[in-house]
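Q: This is a predicted model, with the sequence first.
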Amino acid sequence: QVQLVESGGGLVQAGASLKLSCAASGRAFSSYVMAWFRQAPGEEREFVAGIRSSRPDYADSVKGRFTISRDNGQMTVYLQMDSLKPEDTAVYYCAAKMSGIVRDRPALYDYWGQGTQVTVSS
């Protein structure tokens with residue numbers, strides 16, 4: 001069983017930065033594919049960024065603004081969000097899958113955190 005706990009959300013103005021963290025439990029964290037998704041009210045959950053061991057993947061909407069990273073020793077994955085826009089407002093979820101590669105479909109992930117709210121005002 002893997003538990004994921006997100007933190008770092010908040011209310012910021014457009015153009016500001018936030019850094020989300022996701023602390024994980026589990027023995028084989030370094031082999032997990034880790035990802036961030038987000039869900040705005042009335043919208044489907046969408047892929048934001050993912051990472052396994054090397055090159056991370058990003059949604060086109062966040063490329064150049066968001067950076068995903070991981071610290072296997074701390075069993076934590078991060079999402080640095082810069083140049084935030086009002087359309088980035090959503091609940092952000094951390095997700096883990098036990099094997100394979102980064103995928104953008106939520107149904108392919110095995111474990112989820114409870115989510116953290118990010119609100120960007122204009």
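A: Looks like it came in fine. Residues are numbered from 1 along each chain as shown.

Q: residues making contact with the helix or strand containing Tyr93?
A: Assigned by DSSP states H and E, Tyr93 falls within strand 90-97. By CB atoms under 8 Å, 6 or more residues apart in numbering, the surrounding residues in contact with strand 90-97 are 2, 4, 6, 9, 20, 22, 24, 26, 32-40, 43, 45, 48, 77, 79, 103, 106, 108-113, 115-118. For every residue, glycine as well, the C-beta is placed using N, CA and C.

Q: Counting only helices, which of those residues make the cut?
A: Under the assignment DSSP state H, those contribute nothing to helices.

Q: Quick check on these: which are buried?
A: Buried members of the contacts of strand 90-97, counted by 16 or more other CB atoms under 10 Å: 2, 4, 6, 9, 20, 22, 24, 26, 32-38, 45, 48, 77, 79, 106, 109, 111-113, 115-116, 118.

Q: Just the ones of those in strands?
A: If you go by DSSP state E, these have 4, 6, 20, 22, 24, 33-38, 48, 77, 79, 111-112, 116, 118 in strands.

Q: What pLDDT does the model give the nearest residue to Ile68 once chain neighbours are set aside?
A: Nearest residue to Ile68 in three dimensions, chain neighbours excluded: Ala49, at 4.0 Å (CB to CB, 6 or more residues apart in numbering). We have a pLDDT of 98 for Ala49.

Q: how close does Ala49 get to Gln1?
A: Ala49 is 24 Å from Gln1, where distance means CB to CB, to the nearest Å.

Q: Contacts only, for the one residue sitting closest to the centre of the chain.
A: Among the residues of the chain, the one closest to the centroid is Trp36, at 2.1 Å (CA atoms, centre = their mean). For Trp36, the contact set (CB under 8 Å, 6+ apart) comprises Leu20, Cys22, Val48, Ala49, Gly50, Ile68, Val77, Leu79, Tyr92, Tyr93, Cys94, Ala95.

Q: Val5 too?
A: Contacts of Val5 (CB under 8 Å, 6+ apart): Cys22, Ala23, Ala24, Gly113, Gln114.

Q: What of Pro86?
A: Here Pro86 is in contact with Ala14, Val120, Ser121, Ser122 (CB under 8 Å, 6+ apart).
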